[in-house]
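*Asks:* I'd like to go over a predicted model; first the sequence, then the structure.
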Amino acid sequence: MPTLLPYTIPGTSKPLSRENDTLVGPGGERFPIVNGIPRFVPENNYASAFGLQWKTFAKTQLDSFSGTRITRDRLERCLGSEIHALKDKTVLEVGSGAGRFTELLVEGGAMVHSVDLSVAVEVNRENIGPASNYTIAQASVYELPYPDQAFDMVVCLGVIQHTPDPEKTIRCLWSKVKPGGQLVIDHYKWRIGYYSTLTPIYRAILKEMPPKTSKKIVDGLVNFFFPLHWAFRNLAPLNWLLHRVSPLIVYMNEFPEQDRKFHYEWSKLDTYDQLTDYYKHLRSQEQIRKTLESLGGREIWIHIGGNGVEARCTR
């Protein structure tokens, strides 16, 4: 019967044992357990805005809440299989956020080991609830609390572009994949169009502000521009012009069957995400492919969709 892997001292295979609300290593290393969640990093870090984001939009992107298949379709496309194919496999999910992918991985019967750098781990745990095939910790991708080559699959979606060094991040993820296992990732696509709008200017200002302050400003921007996007949603030329000055992310073309409330909420969430991420990197398909090839990845699959460049490969 498969079981969850125990935590180890980050960067090593040395086991940790629990003593009350602390994980303790053989050399006296100590990591607190706060609200039932092991913490391997300080609570506040460069991902603090993401923590506020997921506490504000705790359920918005969960298929179980929206009644859609948006997240399932994206995840299964990246996996290259239906989710139930992961049953009993050990899966490491890095950058789990509020749990849009976590709930599907858990539902599919995988042994899910989720981590996130931000306090979004608390929202994730609330959304998933008690499950014998799930555990979560607050940790950095650069210091994951698991031994190398321990997982059948490592999944990291919507995250790598927000880390300080994307190539280093991919290497760290790869190190946790066991021989014969798979790495599944995505990354924002490089595009000149991003620099032909005012969005980089908005972001340069907002990402330096405290999260609560920047959120108030982003909410104001959404409330001003969203009615215009909605009014022009079927008028391509006007919509194109609007995007030159509006920083909003909207999905009216991708999900035309959804109502105004759905689009307003998703726009608030992803516009805040876009304008407050401390790091934002763009990569081409070829750059992602070269990185995976340099690691020795086999059966490399590259696709443009979802967040940008989607990829998977086998170790």
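*Replies:* Alright, I've got the coordinates. Residues are numbered from 1 along each chain as shown.
*Asks:* After the longest helix seen in the chain, which helix or strand is next? Please name it.
*Replies:* Ranked by residue count under DSSP state H, the longest helix found in the chain is helix 211-231. Downstream of helix 211-231, the next assigned helix or strand under DSSP states H and E is helix 236-245.
*Asks:* okay, that next one in CSV with CA atoms only?
*Replies:* C-alpha atoms of helix 236-245 as CSV (Å, rounded to 0.1, in the frame of the first residue of the first chain):
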residue,chain,number,x,y,z
ALA,A,236,-11.9,43.0,-31.7
PRO,A,237,-10.4,46.3,-32.9
LEU,A,238,-11.7,48.3,-29.9
ASN,A,239,-10.6,45.4,-27.6
TRP,A,240,-7.1,45.6,-29.0
LEU,A,241,-6.9,49.3,-28.5
LEU,A,242,-8.2,49.0,-24.9
HIS,A,243,-5.4,46.5,-24.1
ARG,A,244,-2.8,49.1,-25.0
VAL,A,245,-3.8,51.1,-21.8
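*Asks:* and that helix, average pLDDT?
*Replies:* If you average the pLDDT over helix 236-245, you get 91.
*Asks:* which stretches of this protein form helices?
*Replies:* Secondary structure of the chain, counting by DSSP H: helices at 48-56, 63-66, 70-79, 102-107, 120-128, 166-175, 199-206, 211-231, 236-245, 260-276, 285-294.
*Asks:* how about those helices in JSON lines, adding mean neighbour count?
*Replies:* Any C-beta I mention is one placed from the backbone N, CA and C, and that applies to glycine too. Below are the helices of the chain laid out as JSON lines (neighbours: other CB atoms under 10 Å):
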{"stretch": "helix 48-56", "mean neighbour count": "22"}
{"stretch": "helix 63-66", "mean neighbour count": "16"}
{"stretch": "helix 70-79", "mean neighbour count": "19"}
{"stretch": "helix 102-107", "mean neighbour count": "23"}
{"stretch": "helix 120-128", "mean neighbour count": "22"}
{"stretch": "helix 166-175", "mean neighbour count": "20"}
{"stretch": "helix 199-206", "mean neighbour count": "16"}
{"stretch": "helix 211-231", "mean neighbour count": "16"}
{"stretch": "helix 236-245", "mean neighbour count": "13"}
{"stretch": "helix 260-276", "mean neighbour count": "20"}
{"stretch": "helix 285-294", "mean neighbour count": "17"}
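*Asks:* returning to that earlier point: residues contacting the longest helix of the chain, please?
*Replies:* For helix 211-231, contacts defined as CB atoms under 8 Å, 6 or more residues apart in numbering pick out 48-49, 51-53, 56, 202, 206-207, 209, 239, 242, 246-248, 250, 252, 260, 263-264, 267-268, 271-272, 275-276.
*Asks:* try stretch 149-156
*Replies:* With CB under 8 Å, 6+ apart, stretch 149-156 has contacts from 5, 78-79, 86, 89-95, 101, 105, 110, 113, 141, 169, 173-186, 315.
*Asks:* Check stretch 63-79 too.
*Replies:* 59-62, 82-83, 85-86, 100-101, 103-105, 153, 155, 157, 184, 186, 255, 258, 262, 303, 305-306, 310, 312.
*Asks:* so how far is the first residue of it from its last?
*Replies:* End-to-end distance for stretch 63-79: 17 Å, by CA to CA, to the nearest Å.
*Asks:* same deal with stretch 35-54?
*Replies:* The first-to-last residue distance of stretch 35-54 comes to 17 Å (CA to CA).
*Asks:* now the stretch 151-300 of the chain, which segments are flagged as low pLDDT?
*Replies:* For the stretch 151-300 of the chain, not a single residue meets the criterion pLDDT under 70.
*Asks:* re the thing from before, now the buried members of the contacts of stretch 149-156.
*Replies:* 5, 78-79, 86, 89-95, 101, 105, 110, 113, 141, 169, 173-177, 181-186, 315 (16 or more other CB atoms under 10 Å).
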